[in-house]
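[1] next comes the sequence, and after it the predicted model I'd like to discuss.
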Amino acid sequence: NHLEAANILTATIKHLGRVPTPDEAPFDFGWLRQVHRDMFGEVWGWAGRLRRHDVNIGVPWPQVETRLYD
C-alpha cells in the first residue's frame, strides 16, 4: 500500500502537477496507459497493459478500451 501510494503521488505530480499542455497530456488511450504504468508499474508487472481475461470488477476485458472512451 505504501509503495502504491508513493507511485501514485509521483505519477500525479509528473502528469498533473501543473496544467499540462495537450501535447503533454492528450488524455487519449496511450497516455492513460502510460499514467497507469507510472502509477502502478513499480508494484504490478501488468500495469499499463490491457487485460486478456475477466476479473471480478470492471467490464469484460474486450470492452475495456471502448468503455474508457464512454
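    Arrived safely.

[2] the longest helix in the protein is where?
    Ordering each helix of the chain by length in residues (DSSP state H) puts helix 2-16 first.

[3] quick check: angle from the host helix or strand of Arg37 to helix 2-16?
    If you go by DSSP states H and E, Arg37 is part of helix 29-40. Taking axes from the mean of the first three to the mean of the last three CA atoms, to 10 degrees, one finds helix 29-40 and helix 2-16 inclined to each other by 140 degrees.

[4] name the helices or strands packed onto helix 29-40?
    helix 2-16, helix 64-69 (3 or more CB pairs under 8 Å, 6 or more residues apart in numbering; DSSP states H and E). Every residue, glycine included, has its C-beta placed from N, CA and C.

[5] can you tell which of the ones you listed is closest to Trp44?
    Nearest of those to Trp44, taken as CB to CB: helix 2-16 at 8.6 Å.
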